[in-house]
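Colleague: no sequence for this one, just the structure:
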């Protein structure tokens, strides 16, 4: 039986390199780009563990990031914690001085949550991908409207 979906909840999102088991880095960009003041840094041709946690529990079944539909796993019954693996193979490195706003969509019985993440993609061998502050997680308050964009 599906749980009832709260109208608002806290969403925590984190990414970890599977190969090195460490959080991704981010870069503080100030107001240079329209997508935000910080950019998440990813290496191409790399697998990342995506961890999503909601409080209170919100049920999700589908995750789509940057053009990829990901298999989502429940990390614990009624915990509100989900995991997925995201492989950046096939993504082109971001040009110098540019950023990309990639889509993140979560879908469940209560509706669809859509947001954008400001990112920079580096070649796998470029050490800039791991330089900077480590992102332990993003946390935000979300409002879910049945079938509509948040």
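Modeller: Thanks, I have the structure now. Predicted, not measured: the structure shown is a model, and the values here were computed from it. Numbering: from 1, shown residues only.
Colleague: which helices and strands does the host helix or strand of residue 106 pack with?
Modeller: In the assignment (DSSP states H and E), residue 106 maps to strand 100-108. The contact analysis (3 or more C-beta pairs under 8 Å, 6 or more residues apart in numbering; DSSP states H and E) places strand 100-108 against strand 62-65, strand 111-122. C-beta coordinates here come from the backbone N, C-alpha and C atoms, glycine included.
Colleague: what's the closest of the ones you listed to residue 96?
Modeller: Among these, strand 111-122 comes nearest to residue 96, with 9.6 Å by C-beta to C-beta.
Colleague: That closest one versus strand 100-108: what angle between them?
Modeller: Angle, strand 111-122 to strand 100-108, by axes from the mean of the first three to the mean of the last three C-alpha atoms, to 10 degrees: 150 degrees.
Colleague: List the residues that contact residue 136.
Modeller: Taking C-beta atoms under 8 Å, 6 or more residues apart in numbering, we find residue 136 in contact with 14, 23.
Colleague: what do you get if the cut-off is 10 Å, keeping everything else the same?
Modeller: The contact partners of residue 136, by C-beta atoms under 10 Å, 6 or more residues apart in numbering, come to 12, 14, 16, 23, 24.
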